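In: need a structure here:
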Amino acid sequence: MVKIDYLCELFDNQLPYLYTLLQLDVNDVFCVCIGDQLVGTIKKVTNGWEQIGGREMSNEFIADIGKFIECKFLNASLENVKETLITSH
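Out: The predicted model follows:
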């Protein structure tokens, strides 16, 4: 299971929302939650990210979450490569 916290300011002069992004299996959809409430589900498609279910979220918001997820996985992959290089010497 993958769990990522995503802090997002949706409106000016308002506290940001803390979203939790959950993925049960690799290649599975990500569940977008606030607290214990499911907001919707999104998945990676050829040209970006799309919403699969739940409350309507803007395409811009979905794209931002997708970029955030990709960045997290890229950083995690780079850390794994770095650790491998360090331990192999």
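In: roughly how far apart are the most centrally placed residue in the chain and Leu22?
Out: Compute the mean C-alpha point of the chain, and by Cα atoms, centre = their mean the closest residue is Ile69, 3.6 Å away. As judged by Cβ to Cβ, to the nearest Å, Ile69 and Leu22 stand 11 Å apart. (C-beta placed from N, C-alpha, C; glycine too.)
In: re earlier: pretty sure the residue nearest to the centre of the chain sits in a strand.
Out: No - Ile69 is assigned helix when assessed by DSSP: H, G, I helix; E, B strand; the rest coil, not a strand.
In: Could you look up the SS state of Lys72?
Out: Per three-state DSSP, the secondary structure class of Lys72 is helix.
In: can you list residues touching both of Ile69 and Leu22?
Out: Contact with both Ile69 and Leu22 is made by residues Phe30, according to Cβ atoms under 8 Å, 6 or more residues apart in numbering.
In: Flag the shaky bits of the protein, pLDDT-wise.
Out: For the chain, residues meeting the criterion pLDDT under 70 lie at 10, 26, 76-89.
In: Which parts of it are helices?
Out: Remark: helices assigned in the chain by DSSP state H are 59-87.
In: in stretch 38-47, what's buried?
Out: By neighbour count on 16 or more other Cβ atoms under 10 Å, the buried set for stretch 38-47 is 39-42.
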